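Enquirer: I would like to see how this sequence folds:
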Amino acid sequence: MDKINIRYYILTRFKLGCTAKQIHVELCDAWGEDDPRVGRPVTGVTDENIETVRMLIEENPHISIRYLAFETGVPYGTINSITHDELKLKTLCA
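Expert: Numbering: from 1, shown residues only. As a prediction, the model looks like this:
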């Protein structure tokens with residue numbers, strides 16, 4: 001089934017009142033799960049990285065996100081997510 005047909009099926013089922021979850025289950029039952037895709041794996045926000053960032057911040061509360069990214073080798077955006085979403089920290093002005 002090509003993308004156009006799948007989109008048409010999704011739209012039709014949605015107009016008939018099906019939820020996205022129901023439509024997804026139907027498509028997986030009929031066509032199986034997606035094959036793994038190549039590309040960069042999503043591994044940035046791990047327990048190990050969260051703990052490393054937490055320890056570095058405890059050692060130096062004035063450390064910058066840019067320096068945390070440099071020290072850990074984890075991308076800036078991931079460090080930002082860890083500090084804000086996981087550790088519930090806020091940025092304060094100097």
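Enquirer: so how far is residue 88 from residue 59?
Expert: Distance, residue 59 to residue 88, by Cβ to Cβ, to the nearest Å: 19 Å. C-beta coordinates here come from the backbone N, C-alpha and C atoms, glycine included.
Enquirer: let me fix that, I meant to ask about residue 25.
Expert: Taken as Cβ to Cβ, the span from residue 25 to residue 88 is 34 Å.
Enquirer: mind checking which of the two has more residues around it?
Expert: Between residue 25 and residue 88, counted using other Cβ atoms under 10 Å, residue 25 has the larger neighbour count: 12 against 7.
Enquirer: name the SS class of residue 22, please.
Expert: Using DSSP: H, G, I helix; E, B strand; the rest coil, the structure places residue 22 in helix.
Enquirer: chain neighbours aside, what residue packs nearest to it?
Expert: Residue nearest to residue 22 in three dimensions, not counting chain neighbours: residue 13, with 7.4 Å by Cβ to Cβ, 6 or more residues apart in numbering.
Enquirer: tell me if I'm right that that neighbour and residue 23 touch.
Expert: Yes. Using Cβ atoms under 8 Å, residue 13 is in contact with residue 23, at 4.8 Å.
Enquirer: re earlier: what is the neighbour count of the residue nearest to residue 22?
Expert: 16.
Enquirer: so who does it touch?
Expert: 22-23, 26 (Cβ atoms under 8 Å, 6 or more residues apart in numbering).
Enquirer: and those residues as CSV, adding neighbour count?
Expert: CSV is the format used below for the contacts of residue 13 (neighbours: other Cβ atoms under 10 Å):
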residue, neighbour count
22, 12
23, 18
26, 14
